[in-house]
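J.: okay, predicted coordinates and the sequence, questions at the end:
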Amino acid sequence: MLFIRNAWIAIFIALLPILSIDAADKALPIEIPFRVTKSSHLVVRAKINNKGPFNFILDTGAPVTFFAAEPGKSLGL
């Protein structure tokens, strides 16, 4: 009985990626405006807790995240 239950769980887990593909196909694309700086950084504007908007440099390869002190103080961070 335990083997059958584990087999069903394994089948369900194996099918999860296939089942989620349909939901991903129905998602609408979203366009996020950005600008490129002279140093080739991508800058996006975003609000945090309904305050802002603030400029954020989008760097997917950065090992850490930095936040300037002044906006941080205004947000209570």
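T.: Happy to help now that I have it.

J.: from here on, contacts and neighbour counts on C-alpha atoms
T.: Will do.

J.: run through this structure and note the low-pLDDT ranges.
T.: For the chain, residues meeting the criterion pLDDT under 70 lie at 1-2, 18-25.

J.: which parts of it are strands?
T.: 35-36, 42-48, 51-58 (DSSP state E).

J.: quick one: list the elements packing against the last one.
T.: This points to strand 51-58. Strand 51-58 makes packing contacts with strand 42-48 when contacts are defined by 3 or more CA pairs under 8 Å, 6 or more residues apart in numbering; DSSP states H and E.

J.: mind listing what's buried along the strand it packs on?
T.: By neighbour count with 16 or more other CA atoms under 10 Å, strand 42-48 contains the buried residues 43-44.

J.: which residue is nearest the centroid of the chain?
T.: For the chain, the residue sitting closest to the mean C-alpha position, by CA atoms, centre = their mean, is residue 60 at 10.7 Å.

J.: phi first, then psi, for that one.
T.: Note on residue 60: its backbone torsions stand at phi -70, psi -10 [degrees, to the nearest 10].

J.: check contacts around residue 32.
T.: residue 44 (CA atoms under 8 Å, 6 or more residues apart in numbering).

J.: can you pull the phi/psi pair for it?
T.: Here residue 32 shows phi and psi, under degrees, to the nearest 10, equal to phi -110, psi 120.

J.: need the contact list for residue 41.
T.: Residue 41 touches 57-59, counting by CA under 8 Å, 6+ apart.

J.: what about 7 Å?
T.: residue 57 (CA atoms under 7 Å, 6 or more residues apart in numbering).

J.: re earlier: make TSV from the strands of the chain and add distance to residue 64 to it.
T.: Shown next, in TSV, are the strands of the chain (distance: least, CA to CA, whole Å):
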stretch	distance to residue 64
strand 35-36	21
strand 42-48	16
strand 51-58	12
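
J.: and of these, who's closest to residue 10?
T.: strand 51-58 (38.4 Å; CA to CA).

J.: now the helices for the protein?
T.: Secondary structure of the chain (DSSP state H): helices located at 2-26, 69-75.

J.: my guess is residue 46 meets residue 34, correct?
T.: No: assessed by CA atoms under 7 Å, residue 46 is found out of contact with residue 34, at 10.4 Å.
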